[in-house]
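Participant: with the sequence up front, the predicted model follows.
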Number of protein chains: 6
Amino acid sequence: MEPWLNSLKTETPQQGFELAIKLARMGVKYTQPDMEVLKAGRKAYAESAEFLIGASQVVAINFQTVAKANNYWN
Amino acid sequence: MEPWLNSLKTETPQQGFELAIKLARMGVKYTQPDMEVLKAGRKAYAESAEFLIGASQVVAINFQTVAKANNYWN
Amino acid sequence: MEPWLNSLKTETPQQGFELAIKLARMGVKYTQPDMEVLKAGRKAYAESAEFLIGASQVVAINFQTVAKANNYWN
Amino acid sequence: MEPWLNSLKTETPQQGFELAIKLARMGVKYTQPDMEVLKAGRKAYAESAEFLIGASQVVAINFQTVAKANNYWN
Amino acid sequence: MEPWLNSLKTETPQQGFELAIKLARMGVKYTQPDMEVLKAGRKAYAESAEFLIGASQVVAINFQTVAKANNYWN
Amino acid sequence: MEPWLNSLKTETPQQGFELAIKLARMGVKYTQPDMEVLKAGRKAYAESAEFLIGASQVVAINFQTVAKANNYWN
C-alpha cells in the first residue's frame, strides 16, 4: 500500500480528529480492500444505527491515540 | 468543514463531559454528513437500547481523552 | 442543563464507582432527554443481556477515568 | 448500598483479576438491582456467546484499572 | 480456583500476546464455569464472526495491559 | 505456534498501523486456528458491516498499544 501515514502530529485538535477518522477508514480498507464492495456497502451501512455508532466508537479510540501523540495540543 | 474544535481544554468537568458528547456527535456527522438521513434516523435510534448504550460508550471514551487533556481538572 | 458534575474526586473507590455509574446514566440522558421514553425503555432494557452488559462496559470505561483522576485512591 | 469496595489494591495479579470480575458484576447489579431478574437472566445469558464475550470484555477493561492501581504488581 | 496468574511479566511480546489470550479465556471461564457448556458452545461460537471479532477485541484490551506491565518489552 | 512477534517497534506510524492489523488477525487466528473455516468465513464476514466495524475497532485498540510502544514515533 502507498504511504498514507507519515506522522501522528497535527497542528490543531480538529485536524487530529480528522486524522482519527482517516485511521478508522483505513482500518476498514485494510480489512476489505475491494473498493466496489466497500462503496456498495457504505451506502447501506451509513444509514444504520449500528454502523454509525460503531464508526463513532472507532474514531473515539483513534482520537485518544492522536491526542496523546500531540500531548493534547497543550 | 468549518472550525468546531479549537481546544480540548474546558473550565469544568461538566463542560468536559459536554465536549465529549460533541465529539461523539461529530464522529457520527463525519460518517454520515447527510443531515436529513441523520435527523430521520435520530428519532428512531434514540429510542433503541442499542443506540443509547452505544452512544453512552462513545461519550465515555471521549471523556477519557478530554479529562486527560485537562489533567482531570486538578 | 443544571450543574451535576463539579469534580471527579471522590473519597473512596466505591464512591468513584458510583460516580462512574452516574456518568454512564448522564451519557444516556444527554442522548435521549425525554424522560418518559427513558423510563419506558428502562423497564424493558434492564432485563436484556445486551443492555446489562453494555451498561456495565460503559461503567467500566468511566471508572477508568475516575480512578485515574483520584490516583487510584493511593 | 453496603460497602463492597474499599481499595483497588490486591496482593497478586490473580486477586486483581478476581476484583475486576467483581467490578463487572457490580456494574450489572447497580443497573438491575432486582436479584430475581438477574438470577433468572443469568442462567439464560451465561450460555450465550454474546454475553460471555461481553462479560469478558468488561472484565478486561476493569483489569486494566486494577492492574494500573497496583503498578502491575511490580 | 487454583493459581493460574502469578505475574504479568513475560519474556517476549509474543508470550505477552499469549498471556492476553489466556486472560480473555479466563474471563469467560469465571463467567461460565461449566466446562461442558463452554465446550459445546465453543464449537458453535468459534465459527461466528461476532464471536471471533469479540474475542479478538478482548485479547487486544488485555494485550494493552500486559504490554504496559512489561514496559512494551523495551 | 512459530515466532511471529519479536518486537512492537516499527520504523514508521504506517508500519505500526500494519502491525496493529496483524495483531488483530492473530487474535482471531488463536481463537479459530482452523484455516479452512477462517477462509470460508472471511469471504462472508468481509462484506458485513458488523465485521468491518468490529475489525476496525480491534485495529484501533492495537494501534494504541503499538503507538505507545514507539513513543508515538516522536
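Facilitator: That came in fine, so what should we check first? For clarity, every value in this text was computed on a predicted model and none was experimentally measured.

Participant: what's the offset of the top helix by length along chain A from the middle of its chain?
Facilitator: In chain A, taking DSSP state H as the definition, the longest helix is helix A:49-69. Computed by CA atoms, centre = their mean, to the nearest Å, the chain-centroid distance of helix A:49-69 equals 7 Å.

Participant: report whether that helix contacts chain D.
Facilitator: No. Applying CB under 8 Å from any CB of the partner chain, one finds helix A:49-69 separated from chain D by no less than 12.4 Å. In this view, the C-beta of every residue, glycine as well, is placed from N, C-alpha and C.

Participant: helices or strands up against that helix?
Facilitator: Packing contacts for helix A:49-69, counted by 3 or more CB pairs under 8 Å, 6 or more residues apart in numbering or on different chains; DSSP states H and E, involve helix A:13-31, helix B:13-31, helix B:35-45, helix B:49-69, helix F:49-69.

Participant: can I assume A:Val58 is in contact with F:Val58?
Facilitator: No. A:Val58 is not in contact with F:Val58 according to CB atoms under 8 Å; the separation is 9.5 Å.

Participant: what about A:Glu2, how many residues close to it?
Facilitator: Per other CB atoms under 10 Å in any protein chain shown, the neighbour tally for A:Glu2 reads 4.

Participant: enumerate every residue touching it.
Facilitator: Neighbouring residues of A:Glu2 by CB atoms under 8 Å, 6 or more residues apart in numbering or on different chains: there are none.

Participant: distance of the nearest residue to A:Tyr72 once chain neighbours are set aside from C:Ala24?
Facilitator: Excluding the flanking residues, the one nearest A:Tyr72 by CB to CB, 6 or more residues apart in numbering or on different chains is B:Ala69, at 3.7 Å. Noted for B:Ala69: a distance of 21 Å to C:Ala24, by CB to CB, to the nearest Å.

Participant: compare neighbour counts for those two and give me the winner.
Facilitator: Neighbour count, other CB under 10 Å: between B:Ala69 and C:Ala24, C:Ala24 has more, with 28 against 22.

Participant: if we can go back for a sec, out of the helices and strands packed on helix A:49-69, nearest to A:Phe51?
Facilitator: Proximity to A:Phe51 (CB to CB) singles out helix F:49-69 among those, at 4.9 Å.

Participant: between the closest one and helix E:13-31, how many degrees?
Facilitator: Interaxial angle, helix F:49-69 versus helix E:13-31 (axes from the mean of the first three to the mean of the last three CA atoms, to 10 degrees): 130 degrees.

Participant: so, low pLDDT: which residues of chain A?
Facilitator: Chain A contains residues with pLDDT under 70 at A:33-47.

Participant: now A:Leu8: phi and psi?
Facilitator: Main-chain torsions, A:Leu8, degrees, to the nearest 10: phi -100, psi 0.

Participant: how about it, what does it touch?
Facilitator: A:Leu8 sits in contact with A:Leu19, A:Thr65, A:Val66, A:Ala69, A:Asn70, F:Pro13, F:Ala67, F:Tyr72, F:Trp73, where contact means CB under 8 Å, 6+ apart.

Participant: with A:Tyr72 instead?
Facilitator: Counted by CB under 8 Å, 6+ apart, A:Tyr72 has contacts B:Leu8, B:Thr65, B:Lys68, B:Ala69.

Participant: relative to chain F, how far out is the nearest residue to the first one once chain neighbours are set aside?
Facilitator: In other words, B:Leu8. Among residues not flanking B:Leu8 along the chain, B:Ala69 sits closest, at 3.7 Å (CB to CB, 6+ apart). The gap separating B:Ala69 from chain F is 15 Å, by CB to the nearest CB, to the nearest Å.

Participant: surely B:Ala69 meets A:Lys68?
Facilitator: No. Under the contact definition of CB under 8 Å, B:Ala69 does not touch A:Lys68, with a separation of 9.4 Å.

Participant: OK, contacts around A:Asn74?
Facilitator: Contacts of A:Asn74 by CB under 8 Å, 6+ apart are B:Ala69.

Participant: change it to 10 Å
Facilitator: By CB atoms under 10 Å, 6 or more residues apart in numbering or on different chains, A:Asn74 lies in contact with B:Ser7, B:Leu8, B:Lys9, B:Ala69, B:Asn71.

Participant: with A:Asn6 instead?
Facilitator: Neighbour list for A:Asn6: F:Thr12, F:Pro13, F:Gln14, F:Trp73 [criterion: CB under 10 Å, 6+ apart].

Participant: run the last query once more with 7 Å
Facilitator: By CB atoms under 7 Å, 6 or more residues apart in numbering or on different chains, the contact set of A:Asn6 is F:Thr12, F:Pro13.

Participant: skipping adjacent residues, who's closest to A:Val58 in space?
Facilitator: Residue nearest to A:Val58 in three dimensions, not counting chain neighbours: A:Ala24, with 4.2 Å by CB to CB, 6+ apart.

Participant: now the contacts of A:Tyr72 in a markdown table, with distance to F:Lys29?
Facilitator: Output for these, formatted as a markdown table (distance: CB to CB, whole Å):
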| residue | distance to F:Lys29 |
| --- | --- |
| B:Leu8 | 37 |
| B:Thr65 | 31 |
| B:Lys68 | 33 |
| B:Ala69 | 37 |
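
Participant: what's the farthest-apart pair in these?
Facilitator: Based on CB to CB, the longest span within the contacts of A:Tyr72 runs between B:Leu8 and B:Lys68 and measures 8.7 Å.

Participant: tell me the buried residues in stretch A:20-33?
Facilitator: For stretch A:20-33, the neighbour count (16 or more other CB atoms under 10 Å in any protein chain shown) marks A:Ala20, A:Ile21, A:Leu23, A:Ala24, A:Arg25, A:Met26, A:Gly27, A:Val28, A:Lys29, A:Tyr30, A:Thr31, A:Gln32 as buried.

Participant: ok, the second one touching B:Val28?
Facilitator: No. Taking CB atoms under 7 Å as the definition, A:Ile21 is not a contact partner of B:Val28, at 11.0 Å.

Participant: and the residue nearest to A:Tyr72, how far from chain E?
Facilitator: Applying CB to the nearest CB, the value for B:Ala69 to chain E is 20 Å.
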